[in-house]
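Undergrad: turn this into a structure:
(6 chains)
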Protein chains: 6
Amino acid sequence: MRIVVVNPNTTASMTARIERSARAVAGPGTRVDAVTSTMGPASIESHYDEALSVPGVLAAVRAGGADGYVIACFGDPGLDAAREVAAAPVVGIAEAAMHAAALLGRGFSVVTTLDRTRGRAWDLAGRYVAPGACRGVHACDIPVLDLDGDPAVTDRVVALARAALARDGSDVVVLGCAGMADLAAEVSRRVGVPVVDGVAAATLLVQSLVTLGLGTSKHGELAPPPPKPYTGALTPFGTA
Amino acid sequence: MRIVVVNPNTTASMTARIERSARAVAGPGTRVDAVTSTMGPASIESHYDEALSVPGVLAAVRAGGADGYVIACFGDPGLDAAREVAAAPVVGIAEAAMHAAALLGRGFSVVTTLDRTRGRAWDLAGRYVAPGACRGVHACDIPVLDLDGDPAVTDRVVALARAALARDGSDVVVLGCAGMADLAAEVSRRVGVPVVDGVAAATLLVQSLVTLGLGTSKHGELAPPPPKPYTGALTPFGTA
Amino acid sequence: MRIVVVNPNTTASMTARIERSARAVAGPGTRVDAVTSTMGPASIESHYDEALSVPGVLAAVRAGGADGYVIACFGDPGLDAAREVAAAPVVGIAEAAMHAAALLGRGFSVVTTLDRTRGRAWDLAGRYVAPGACRGVHACDIPVLDLDGDPAVTDRVVALARAALARDGSDVVVLGCAGMADLAAEVSRRVGVPVVDGVAAATLLVQSLVTLGLGTSKHGELAPPPPKPYTGALTPFGTA
Amino acid sequence: MRIVVVNPNTTASMTARIERSARAVAGPGTRVDAVTSTMGPASIESHYDEALSVPGVLAAVRAGGADGYVIACFGDPGLDAAREVAAAPVVGIAEAAMHAAALLGRGFSVVTTLDRTRGRAWDLAGRYVAPGACRGVHACDIPVLDLDGDPAVTDRVVALARAALARDGSDVVVLGCAGMADLAAEVSRRVGVPVVDGVAAATLLVQSLVTLGLGTSKHGELAPPPPKPYTGALTPFGTA
Amino acid sequence: MRIVVVNPNTTASMTARIERSARAVAGPGTRVDAVTSTMGPASIESHYDEALSVPGVLAAVRAGGADGYVIACFGDPGLDAAREVAAAPVVGIAEAAMHAAALLGRGFSVVTTLDRTRGRAWDLAGRYVAPGACRGVHACDIPVLDLDGDPAVTDRVVALARAALARDGSDVVVLGCAGMADLAAEVSRRVGVPVVDGVAAATLLVQSLVTLGLGTSKHGELAPPPPKPYTGALTPFGTA
Amino acid sequence: MRIVVVNPNTTASMTARIERSARAVAGPGTRVDAVTSTMGPASIESHYDEALSVPGVLAAVRAGGADGYVIACFGDPGLDAAREVAAAPVVGIAEAAMHAAALLGRGFSVVTTLDRTRGRAWDLAGRYVAPGACRGVHACDIPVLDLDGDPAVTDRVVALARAALARDGSDVVVLGCAGMADLAAEVSRRVGVPVVDGVAAATLLVQSLVTLGLGTSKHGELAPPPPKPYTGALTPFGTA
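TA: Prediction:
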């Protein structure tokens, strides 16, 4: 099977890192390709960025050619819309990480980038998992594009994860940004709890759904959208 | 003061109807102008349409020149992002209608267009009002652009509202589409309960906030987004 | 239109302050009159005081003669009962402030008077707004009748508001007492976030409902109460 | 010990029936006296009646002389205020019935009098028991003062209880009016499930609390109210 | 009537202490016998211990001969299953303590033994009482079998209770282990708030249910289990 | 890797069916072995059966020798305890099915065996997924051991699934019994929505967790239980 991992921002170096994380866990019969969004923000650090990353995500999903899709930004931008237009299953990395974390302990803490993105993480936790599963969302105050392998970044994430576990009474850590994908193993080793990277988790969830023969329900709300003309810069998104 | 009411779809005739509803309730010192989105779908009837209406909403809000903004689609597309980029207050018609309905009775029912949009209305109710306030969401199965003053449409909405009140044990009706704005008075007269149109409600809420000197908090999550370059068809949305 | 603002306690000087706040925001065609309760406690600082302020509130509302009513105590005493007996809309200042605050940010903190009134504020938040909207309720430990314009009071409220924003991760402040109505502008200026006074907010919400032609639903639970005789000191409240 | 059961309405015949139910279950060392409110409505069938029954309840509780108090109206009028002013424990019949019902099955249905009182029962269930414990509230449309032993009343309650169990998937019935106290045994026998009368349940809960040496916490919110003057018809309630 | 109090662990000295607490509050016509589980763990300090205490609890309840049963471990092990197999009412000490605490204040704190049992207490609070009633669960880090009357233990529980009240804003303390039953009076005296011991509370709740003629509903989910053969070490539990 | 799938009941024919379902989806490098519980009930159809299936589950998990465990009964018996004693990850089929279903649509319906097991399914949904995800639990009234490939059984499940989707407004079906594992494909084909079998889903979730290098957190509540002696028939479970 082929899984396409969509990087909703336009930064190709981040796409490469995401692809490595996804490929590292995919099964022998699974080909993983990561694609960079062709329109929108260089990184996603606000509701504004997130909303404007959605057209690029939808363009990538509409391009088709895959048995399943991963949306590789922790805000899960455009997830419902992508499910409407894709024939194949679509999984966001926040939902993947949170569902996986729920299997590993009694409560998890999210460690994310900027303080202003914490609200979105809480919103998604409210939508994905049972009340009480997400016990805290903490920001390391490092911009997305600075998550580049600098050891000081890892140190800061480790320190924040430790503090979060103590303050929240949690026992699992969720990394709240696709750009942190390559930190999971080291943070887990140093902090001593399971640390979930959504990119890897989502890749295996999509692979599992495809293996199970399961895709998005087309009965009801997530059926293909009613066709209609689109206007202006978004004309290519028209469905009639 | 000047209030701009943004029609998130690209259908000018609907904008005209929205503008009439908003102007009918605005105070003597308030000028109301409705604007049609310049990009995106002709009507909003799916998560896909809604997501792709957001760039047009944000373009209208970024154009500035108003003391307050109304987003006139019942999905409140782009509300958080619009609050980030606007200096002035922004109110969505779903939130306006639901907050107003909460002041008028013990529980409300939403009457909307297509069955597939019911999920979004439930999501918004969960975000805006206390659990139990929204007691049901019902679809009349009329596409948005067919809500055009045909008396048969009114009859169908009246019948659906009556059934909803009985089934849900509710005492207030919320109209779940900007295109229904001009039906509120007649439906209320015939059904015998308060019927809330979000366009009029949002216009007065924005006017009230401006009078109170209150705007979106710029402390924290809704501060202006971090500046950065944008790419492709969305390049004009770049903030750096 | 005429709006009557009911001060549920019997302290006339507080009524005068409330009236000023309400009149300062009312529209050109709106006359606002504040009335002092004729029976009950001099201030409302317990469940006992609040319960015993209700007869005075209901007497004022039953006196009629208005197009809308505001109940100007942050406990919203007698709100459901007032809605039953009034033909016109009735809004409490706690519900008005909380609904308005929900339009201005992602979460608000309430700053109130005595510690023992915090529970009531939480109860009302649970009834009015979505879970998570109210993020904290904080007491400045100043009795209601000492909120009299002393600059030291303002300083204490400012300090408490700052601490609340930091502790709760909130971005809006709600003033939790009608006696704080005249502090909103200065606290907002000094703290740097929107500060909502319920008296002004409720006045504009009632004015808006009247303009929209909306009143309490008389379908069901809030219909006029079944008539019956009353006994003892409450005989005048009898409805048969 | 002595337990005072307060009938919040002014109908003495109902007080007598309540007293019989309470005395029937009290232990050998417990004296039970029921008292009729000296002011307010003849029966409680609206928010208005309930609010105006509170002064009478508080007067009875302030009279003192008991080791514990029961408030014998299913709206639990004035419960928080009564706890503030009483040294001894106070239990409402709705809370007693709901807590007891939670020990007997997986979910209960409330059978009450008028349709318009259903909202209050839901509010109290939300306050007292876990979400999901109360599965339905059903009205038999019999006014409170017509619950007078007529066999036709019992038949109607039995039929409604059966319908409620089937519709709600519940396994316990709670009688939602003090006037139904003497129906519990027969309804239980005919319907085949536990049927909880709040008057008897509250009497034994208060007796149990007294035996356990437990009373209302005076640490914090339910401490005696701050003393102050009262005005008008409510002057006798003044605490200073 | 005869009430059997089941100690789910196999430590007879603890059974003796439990029996004393239960007998101290039972009414004159009530005989209380405590029994020690005949199989399973010496104390219950993990999900593993708790799960493996259930067969012993069920064996004790199936032995019959009582009018009501108390399960005297704060995890309420096997409660639903015991209700299925018992004809008489069954009450757990956690549910008894939490329901009683809800009648005494606005919110309670649980003081328990080991940190790792806090999650179970939260789970039970979510099942038994309204959201917000349980405001904190705190561990004194004393193993169950060390709760043996040592004054240092009492001191530690007192200190923890004081800290819990301040941190949680609660006004009642619940003792979170059957082994703490004999501490309630002294902790209450020293801390100044009601302190609820579940053993005594459950004993009186069961006695009250029996007096009321109420037992577990046999309509639906808690009817006797379908009969069937059992295998291996658990063969005696077979029901066919 | 090796995954052990534990059948918590003692019926070997059902174990064989479960093993087939699990093996059908496992990856090329994964060996799956199903084991039958050696003690307890022949099928699990009550809280009593479920509680008494736990020792057998724990014995199987303590036997070790696997990289991950599946508990193959929809009540997820002993899940928390199994996580404490296992070094490797453990997943229950109810949690696996519910988490997977949450990725496929907006809301799912559970189709299970006996009516009396519906409450347990609701309890688990409340623990695993967000409120609103599980929209209904429906019983086909077929005992567990009669789910044996009879075409009439499939017809009944198909009919129930169709009715559930319509009544609940859901778009995904979850099979609520391990004994239904081999029905998923046919029911999905005939009903036209995704149908999730928990056995297959749990097998791939465990395989994914092992691939990700993730196991149960041993930080806190799910650390190995404190060692201690056990007594009676359960002596072999002693940990000291």
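Undergrad: can I assume residue A:240 sits in a helix?
TA: No: assigned with DSSP: H, G, I helix; E, B strand; the rest coil, residue A:240 falls outside any helix and is coil.
Undergrad: that one contacts residue A:225, correct?
TA: No: with contact defined as Cβ atoms under 8 Å, residue A:240 does not count as touching residue A:225 (10.2 Å). In this view, the C-beta of every residue, glycine as well, is placed from N, C-alpha and C.
Undergrad: the two: which is more packed in?
TA: Counted by other Cβ atoms under 10 Å in any protein chain shown, residue A:240 and residue A:225 do not tie: residue A:225 has more neighbours, with 20 against 9.
Undergrad: buried residues, the helix or strand containing residue A:17. List them.
TA: Here residue A:17 is covered by helix A:12-25, with elements defined by DSSP states H and E. Buried positions in helix A:12-25, judged by neighbour count with 16 or more other Cβ atoms under 10 Å in any protein chain shown: A:14-15, A:17-19, A:21-25.
Undergrad: burial check on whatever residue of chain A ends up closest to chain C, number of neighbours?
TA: Nearest residue of chain A to chain C: residue A:119, at 5.1 Å (Cβ to the nearest Cβ). Using other Cβ under 10 Å, residue A:119 has 21 other residues around it.
Undergrad: contacts only, for it.
TA: B:221, C:106 (Cβ atoms under 8 Å, 6 or more residues apart in numbering or on different chains).
Undergrad: phi first, then psi, for it.
TA: Dihedral pair for residue A:119: phi -60, psi -40, per degrees, to the nearest 10.
Undergrad: distance of it from residue B:127?
TA: Residue A:119 sits 11 Å away from residue B:127 when distances are taken as Cβ to Cβ, to the nearest Å.
Undergrad: could you do residue A:196 as well?
TA: 26 Å.
Undergrad: more neighbours: which of those two?
TA: Counted by other Cβ under 10 Å, residue A:196 and residue B:127 do not tie: residue A:196 has more neighbours, with 28 against 19.
Undergrad: need the contact list for that one.
TA: Residue A:196 is in contact with A:97, A:100-101, A:104, A:108, A:172-175, A:184, F:212, F:214, counting by Cβ under 8 Å, 6+ apart.
Undergrad: now, which of the residues you listed lie within strands?
TA: A:108, A:172-175 (DSSP state E).
Undergrad: between the residues you listed, which is nearest chain F?
TA: Set against chain F, the nearest of the ones in strands among the contacts of residue A:196 by Cβ to the nearest Cβ is residue A:172 (5.2 Å).
Undergrad: off-centre distance for stretch A:159-176?
TA: What separates the centre of stretch A:159-176 from the centre of its chain is 19 Å, taken as Cα atoms, centre = their mean, to the nearest Å.
Undergrad: pull out the buried positions in the helix or strand just after the helix holding residue A:17.
TA: Per DSSP H and E, the first helix or strand lying C-terminal to helix A:12-25 is strand A:31-36. Residues A:32, A:34-36 are the ones in strand A:31-36 that count as buried (16+ other Cβ under 10 Å).
Undergrad: what's the most distant pair in the buried residues of helix A:12-25?
TA: Spanning the widest gap among those are A:14 and A:25, at 18.0 Å by Cβ to Cβ.
Undergrad: ok, back up a step: joint contacts of residue A:119 and residue B:127?
TA: Here residue A:119 and residue B:127 have no joint contacts, going by Cβ under 8 Å, 6+ apart.
Undergrad: still on that earlier bit, just name the closest of the ones in strands among the contacts of residue A:196 to chain B, please.
TA: Proximity of those to chain B (Cβ to the nearest Cβ) peaks at residue A:174, which lies at 19.5 Å.
Undergrad: pretty sure that closest one contacts residue A:99?
TA: No: using Cβ under 8 Å, residue A:174 is not in contact with residue A:99, being 10.3 Å away.
Undergrad: can you show me the strands along chain A?
TA: Assigned by DSSP E, the strands in chain A fall at A:2-7, A:31-36, A:40-41, A:68-71, A:90-92, A:108-112, A:134-139, A:172-175, A:195-197, A:230-231.
Undergrad: would you turn those strands into a markdown table with mean pLDDT?
TA: Formatted as a markdown table, the strands of chain A follow (pLDDT from 0 to 100):
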| stretch | mean pLDDT |
| --- | --- |
| strand A:2-7 | 98 |
| strand A:31-36 | 98 |
| strand A:40-41 | 98 |
| strand A:68-71 | 98 |
| strand A:90-92 | 98 |
| strand A:108-112 | 98 |
| strand A:134-139 | 98 |
| strand A:172-175 | 98 |
| strand A:195-197 | 98 |
| strand A:230-231 | 96 |
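Undergrad: out of those strands, the one nearest residue E:42 is which?
TA: Short answer: strand A:172-175, nearest of those by Cβ to Cβ, at 30.9 Å.
Undergrad: who touches that closest one?
TA: With contacts defined as Cβ under 8 Å, 6+ apart, strand A:172-175 is touched by A:97-98, A:101, A:104-105, A:107-111, A:157, A:161, A:164-165, A:181, A:183-184, A:187-188, A:191, A:193-198, F:217.
Undergrad: so how far is residue A:42 from the residue nearest to residue A:139 when sequence neighbours are not counted?
TA: Excluding the flanking residues, the one nearest residue A:139 by Cβ to Cβ, 6 or more residues apart in numbering or on different chains is residue A:115, at 4.2 Å. Distance check for residue A:115 against residue A:42: by Cβ to Cβ, it reads 20 Å.
Undergrad: more crowded one of the two?
TA: Between residue A:115 and residue A:42, counted using other Cβ under 10 Å, the more crowded position is residue A:42 (19 against 15).
Undergrad: residue A:218: neighbouring residues, count only.
TA: For residue A:218, using other Cβ under 10 Å, the count is 17.
Undergrad: need the per-residue pLDDT for it.
TA: pLDDT for residue A:218: 97.
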